[in-house]
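Peer 1: Could you work out the structure for the sequence below:
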Amino acid sequence: MSREVWPGKPWPRGATFDGTGVNFAVFSQVATRIEVCLFDPANPTKEIERFPLPEATDFVHHGYVPGLEPGTLYGLRVHGPYEPAKGHRCNPHKLLVDPYAKALHGDVDWKQPVFGYPLGNPQQDLARDERDSAAGVPKGVVVSDYFDWGNDRRPEIPWRKTVIYEAHVRGLTMRHPDVPEHLRGTYAGLASPPIIEHLQKLGVTSVELLPVHAFADDSFLNDKKLSNFWGYNTLGFFAPEQYYASRKTPGAAVAEFKAMVRALHAAGLEVILDVVYNHTCEGNHLGPTLSLKGIDNASYYWLMPDARYYLDFTGCGSSVNASNPNAARLIIDSLRYWVNEMHVDGFRFDLATVLGRTGEGGFDPRAALFQILQQDPVLSRVKLIAEPWDVGLGGYQVGGFPAPWREWNGKYRDALRRYWKGDENLAGEVGYRLTGNSDLYAEARRKPQASINFVTAHDGFTLHDLVTYSHKHNEANGEHNRDGADDNQSWNCGVEGETADAGVVALRERQKRNLLASLFLSTGVPMIVAGDEMGRTQRGNNNAYCQDNELSWVDWKLDARREKLLEFTRKLIHFRHRQPVLQRRRYFKGAHLWDSEHKDLAWFRPDGTEMGAEDWKKPFVRSLAFLLGGDAIPTPDERGQRIIGDAVLVLLNAHHEPVSFTVPAVVTGQRWELALYTADDTRGAEKVTPRGKFELVGRAMAVFRQVED
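Peer 2: Predicted coordinates:
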């Protein structure tokens, strides 16, 4: 008996349950027919029914099936041209994942014929493979959008108060002894009380999660008994990754993800997603046919003039063509879904330069997708963060994105690493980086919070490894240590790898504190990576993308040294929260504002005199100080009242020998109280007077706040 299928509607796209049935809508400009295949929940490899979508409106094929319910497993088959030389790769023998599927069930099985062509021929992709791939392709799941959000409210943390914590759902929770074992590695585990308590005590405001969009493991990693741990290999832009759900029933990840967001919001924490819209897991012309490639390859991907091949701005074989209206719509619809239905608070866009490439392939800050985001009443109000580079020509775009974007600032990372390593000719560079990066953003009238400041990220060395290894050690990845960046601006403090040398260990701990203190005392938005606050190590692996094991998982068993680093980091973050002068929304002018006693910013030599233009040009300047005027903040608070906080004096010594600093005598009758000291964080809150001396040991920082005499 054939199923009744009504004409349905061309919107919304995907499989939408309305309470009595399901509407299917799939865009393809080249398809001659699109079929929906239903699968047996007890045996998801078994197709039990197939029916064509009866109508097409403006290239959207659609149909409505009364009586169909949530939990239904389905896939698509697209009939149309298989002409790779013209950019078309339709193949109805290959089951396809609906790009709008809100949940997926099952994994890609690389032993099945998931490639659209027969393997083993130099011209192999020009022929169509006619074996059925259904057994090897994940199935879409029809889900209900109902969820009891209760009184959920977005924290809406202002950028000036934002502190980002980059974390991996699985990596953060797998080794926590107080997270129930069955919840470790899951959305529910991340929302568990021990994890939330840690985040709150640490003082971060926003959790930025590595990719949670449904992704596929790579076949070459499977062959090496490894996996795509980071998840930068997207298969579905709407579906939360099922691997991170504590329950494995079809569609369970959706409700569990929502419950995680609800719990984090209740704790005052934002949820930001690291999203990968620049490429998919389908790769280049020799990659599998799993979704977009078989639906409408030429609409969704950048193709070369010889349309058989792909333009690759990502290093992953292909690039999503966001300049195409329908590819852009897929991205925008996905973003809106995660904001409206999943209640997330923002996004960090992987290789975001790809999304700004236009018809000629160059980057344009006025690209269509950026304009849509800026005008969208929903998306323009959430946090939008760019990784402002890709691997294509002209791909490095730090400082080049339009408002309201913020950017990962790779120049900040490199400058701070080099400074504390002891490199020369960095005084001017470090001055810009610590005080808001005006050289990058002021000309475009963007504010200091345009910069996401960081010294480490998931990609690269951990903070501990940054001061422990001068060279990468990626042998565990099975690529003979050829993968990962060679230029890390790291320094092992004299010994490669772990050591029992007390002097080296002490220097490394000081360097960690120097880097963290620099980060949280800088103007801009700070980001810390999960585990860095506790000295997490990856044993020198700077590309642990394929290590779903204890190498990547955060170790929560702390010895005295790691506990001490955690306490210092907490102290730093809370110091930042208490000091309005560290949360400036405008650039410094180096002048007195209003009736301020201090300039908003002043730089000093170690002898206590203000730096002149010639001082910034000296190549050997590694010791300097700056003073932030707490009474010279130009912007008012939310009620329009003037903001007045403590003046903050920071002494920096990246030289290997001690330097005696003279405290600047800019205001009489006041003292400076030691608030933070990276060489000895147990030192008391001693006070120094103007023109007093402070001996700063080699490679250390001291931070003072001004108090009344």
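Peer 1: Is there a neighbour count for residue 154? I'd like the number.
Peer 2: For residue 154, the count of nearby residues is 16 (other Cβ atoms under 10 Å). C-betas here are computed from N, CA, C, even on glycine.
Peer 1: which residues does the nearest residue to it once chain neighbours are set aside contact?
Peer 2: Leaving aside its sequence neighbours, residue 154 sits nearest to residue 345 (Cβ to Cβ, 6 or more residues apart in numbering; 5.7 Å). If you count contacts by Cβ atoms under 8 Å, 6 or more residues apart in numbering, residue 345 has them with 154-156, 206, 270-272, 382-383.
Peer 1: Pull out the buried members of those.
Peer 2: Buried subset of those (neighbour count, 16 or more other Cβ atoms under 10 Å): 154-155, 206, 270-272, 382-383.
Peer 1: which residues of the stretch 551-700 of the chain fall in strands?
Peer 2: 601-604, 623-628, 648-653, 659-662, 670-677, 687-688, 693-696, 700-708 (DSSP state E, counting those that start in this stretch).
Peer 1: other SSEs contacting the third one?
Peer 2: Same thing as strand 648-653. helix 502-521, strand 623-628, strand 659-662, strand 693-696, strand 700-708 (3 or more Cβ pairs under 8 Å, 6 or more residues apart in numbering; DSSP states H and E).
Peer 1: residues of that strand that come out buried?
Peer 2: 648-653.
Peer 1: ditto for the fourth one
Peer 2: Buried residues in strand 659-662, counted by 16+ other Cβ under 10 Å: 659, 661-662.
Peer 1: ok, now the fifth one?
Peer 2: By neighbour count, with 16+ other Cβ under 10 Å as the criterion, the buried positions of strand 670-677 are 671-677.
Peer 1: any idea of the angle it forms with helix 502-521?
Peer 2: 120 degrees (axes from the mean of the first three to the mean of the last three Cα atoms, to 10 degrees).
Peer 1: residues in contact with stretch 592-608?
Peer 2: Under Cβ under 8 Å, 6+ apart, the answer for stretch 592-608 is 431, 435, 588-591, 610-611, 615, 623-634, 642, 647, 659-667, 691.
Peer 1: and residue 55, what is it in contact with?
Peer 2: By Cβ under 8 Å, 6+ apart, the residues touching residue 55 are 7-8, 10, 61-63.
Peer 1: Which members of those residues occur in helices, if any?
Peer 2: Using DSSP state H to define helices, no part of the contacts of residue 55 is located there.
Peer 1: Can I get these in CSV including neighbour count and pLDDT?
Peer 2: CSV is the format used below for the contacts of residue 55 (neighbours: other Cβ atoms under 10 Å; pLDDT from 0 to 100):
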residue, neighbour count, pLDDT
7, 13, 98
8, 21, 98
10, 18, 98
61, 25, 98
62, 22, 99
63, 22, 98
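Peer 1: for the residues you listed, which one is nearest residue 443?
Peer 2: Nearest to residue 443 among the contacts of residue 55 is residue 10, at 44.8 Å by Cβ to Cβ.
Peer 1: now the closest one: how far from residue 153?
Peer 2: In this view, residue 10 and residue 153 are 34 Å apart by Cβ to Cβ, to the nearest Å.
Peer 1: And stretch 549-558, what's buried?
Peer 2: 551-554, 556.
Peer 1: swap in stretch 680-697?
Peer 2: Residues of stretch 680-697 classed as buried by neighbour count (16+ other Cβ under 10 Å): 681, 688, 690, 694, 696-697.
Peer 1: Let's have those residues in CSV, adding pLDDT and distance to residue 123.
Peer 2: As requested, these are exported to CSV (pLDDT from 0 to 100; distance: Cβ to Cβ, whole Å):
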residue, pLDDT, distance to residue 123
681, 65, 65
688, 91, 77
690, 90, 79
694, 95, 73
696, 96, 68
697, 96, 67
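Peer 1: Spell out the residue ranges of the helices in this protein.
Peer 2: Ranges of helices within the chain are 169-173, 187-190, 193-202, 219-223, 252-266, 292-300, 325-340, 368-375, 410-421, 427-434, 438-441, 463-466, 502-521, 560-578, based on DSSP H.
Peer 1: Any idea which of the ones you listed gets closest to residue 237?
Peer 2: For the helices of the chain, distance to residue 237 was read as Cβ to Cβ. The smallest value, 4.0 Å, belongs to helix 325-340.
Peer 1: between that closest one and helix 292-300, how many degrees?
Peer 2: Here helix 325-340 runs at an angle of 110 degrees relative to helix 292-300 (the same axes, to 10 degrees).
Peer 1: Show me what helix 325-340 is packed against.
Peer 2: With contacts defined as 3+ Cβ pairs under 8 Å, 6+ apart, helix 325-340 has these neighbours: strand 234-240, strand 270-275, helix 292-300, helix 368-375.
Peer 1: Need phi/psi at residue 443.
Peer 2: phi -60, psi -30 (degrees, to the nearest 10).
Peer 1: Wait, residue 468 touches residue 540, no?
Peer 2: Yes. Between residue 468 and residue 540 there is a contact under Cβ atoms under 8 Å: 7.2 Å.
Peer 1: overlap in contacts of those two?
Peer 2: Common contacts of residue 468 and residue 540 (Cβ under 8 Å, 6+ apart): residue 497.
Peer 1: Tell me which strands the helix or strand bottoming out on mean pLDDT in the chain pairs with, and in which orientation.
Peer 2: The helix or strand of the chain with the poorest confidence is strand 687-688; it has a mean of 90 (mean pLDDT, DSSP states H and E). Within its sheet, and counting by DSSP bridges, strand 687-688 is paired with strand 670-677 (antiparallel).
Peer 1: got the angle between the strand it pairs with and strand 648-653?
Peer 2: Using the same axes, to 10 degrees, the inter-axis angle of strand 670-677 relative to strand 648-653 is 60 degrees.
Peer 1: Centre of the chain to strand 670-677, how far?
Peer 2: The chain centroid and the centroid of strand 670-677 are separated by 35 Å under Cα atoms, centre = their mean, to the nearest Å.
Peer 1: And for the closest residue to residue 340 other than its chain neighbours, the neighbour number?
Peer 2: Take residue 340 and drop its neighbours on the chain: the residue closest to it by Cβ to Cβ, 6+ apart is residue 378, 6.6 Å away. Applying other Cβ under 10 Å, we find 12 residues neighbouring residue 378.
Peer 1: Residue 378 and residue 339 touch, don't they?
Peer 2: Yes. Contact status for residue 378 versus residue 339: in contact at 5.6 Å, counting by Cβ under 8 Å.
Peer 1: from the helices and strands packed on helix 325-340, which stretch is densest packed?
Peer 2: Ranked by mean neighbour count under mean count of other Cβ atoms under 10 Å, the helices and strands packed on helix 325-340 are led by strand 234-240, which reaches a mean of 26.
Peer 1: residues contacting residue 113?
Peer 2: 94, 129, 131-133, 136.
Peer 1: ok, 7 Å please
Peer 2: 129, 131, 133 (Cβ atoms under 7 Å, 6 or more residues apart in numbering).
Peer 1: Looking at the helices and strands packed on strand 648-653, spot the one closest to residue 251.
Peer 2: Nearest of the helices and strands packed on strand 648-653 (Cβ to Cβ): helix 502-521, 40.1 Å.
Peer 1: Check the residue nearest the centre of the chain and give its pLDDT.
Peer 2: The centre of the chain sits closest to residue 274, judged by Cα atoms, centre = their mean, with a distance of 4.0 Å. The per-residue pLDDT reported for residue 274 equals 98.
Peer 1: Hmm, residue 348 and it touching each other?
Peer 2: Yes. Residue 274 is within contact range of residue 348, at 4.7 Å (criterion: Cβ atoms under 7 Å).
Peer 1: what touches both of these two?
Peer 2: Common contact partners of residue 274 and residue 348 (Cβ under 7 Å, 6+ apart): residue 208.
Peer 1: sorry, back to before: how close does the residue nearest to residue 340 get to residue 344?
Peer 2: Relative to residue 344, and taking Cβ to Cβ, residue 378 is found at 11 Å.
Peer 1: Ok, residue 545 next?
Peer 2: Distance from residue 545 to residue 344, by Cβ to Cβ: 23 Å.
Peer 1: I am finished for the moment; much appreciated.
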